[in-house]
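Q: A structural model of the following input is requested.
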Amino acid sequence: MQVKCNVCSIKLEKNEAVKFKGKYFHKECRRLKRIKKHINYVLTVKKNIKGSFAQIKGKINEHLGKHDYKYILFVLRKNINLNHIHGLVYFLDNENFKKEYNIYKSKKIKVKKEDMKIIESYIPQIKTKDNRKWGEIICYRSTQIQKQE
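A: Below is the predicted model:
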């Protein structure tokens, strides 16, 4: 049996659909709807943005077309002075926030030891005589120079 997605109006099989409150969705459409609802909640409740529902919804759709939703939520979590929904574009286009988000994303990457591969490097290895440490070599050399003077 086929049902119609409530977001994109495309027919899909009932066993592939996600049912929520009596309505059917594609998995991706349901996920996108939850993301939009969460961003709307953050803007209206947490940031106390005043504006019409259609205006806020339209701007959320516009920003989701340009930016990743995680980046939008990252910017909204920052202590920004946002008075209107139209001002969000200035914070999203800010290079400092983009750099900070890239650093934040890179810290989230986790790699298992099994997935790591050791590659031979062409960095020359410096060998010391008698397995002495660098500090000992420097001190030994400086005492030799002082004796010569």
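Q: phi, psi for Tyr90 please.
A: Dihedral pair for Tyr90: phi -70, psi -40, per degrees, to the nearest 10.
Q: hmm, I was thinking of Glu13
A: On the backbone of Glu13 - angles per degrees, to the nearest 10 - the values are phi -70, psi 150.
Q: run through the residues that contact it.
A: Contacts for Glu13 (C-beta atoms under 8 Å, 6 or more residues apart in numbering) come out as 1-3. From N, CA and C alone the C-beta is placed, and that goes for glycine too.
Q: so, low pLDDT: which residues of this structure?
A: 111-113, 115-149 (pLDDT under 70).
Q: out of the contacts of Glu13, the closest to Ser106 would be?
A: Proximity of these to Ser106 (C-beta to C-beta) peaks at Val3, which lies at 41.4 Å.
Q: burial measure for the closest residue to that closest one other than its chain neighbours, as a count.
A: The shortest distance from Val3 to any non-neighbouring residue, by C-beta to C-beta, 6 or more residues apart in numbering, is to Tyr24 (4.2 Å). Per other C-beta atoms under 10 Å, the neighbour tally for Tyr24 reads 21.
Q: a strand runs through Tyr24, doesn't it?
A: Yes - assessed with DSSP: H, G, I helix; E, B strand; the rest coil, Tyr24 lies in a strand.
Q: so what's it up against?
A: Applying C-beta under 8 Å, 6+ apart, the residues near Tyr24 are 3-6, 12, 14, 17-18.
Q: now for those, which sits with the most neighbours around it?
A: Busiest of the contacts of Tyr24 [other C-beta under 10 Å] is Ala17, holding 22 neighbours.
Q: is it true that that residue touches Lys23?
A: No - if you go by C-beta atoms under 8 Å, Ala17 and Lys23 don't touch, sitting 9.3 Å apart.
Q: any idea how far the residue positioned nearest the centre of the chain lies from Lys70?
A: Among the residues of the chain, the one closest to the centroid is Lys105, at 4.1 Å (C-alpha atoms, centre = their mean). Plainly put, Lys105 is 8 Å away from Lys70 if you go by C-beta to C-beta, to the nearest Å.
Q: assign the residue nearest to the centre of the chain to helix, strand or coil.
A: Once three-state DSSP is applied, Lys105 turns out helix.
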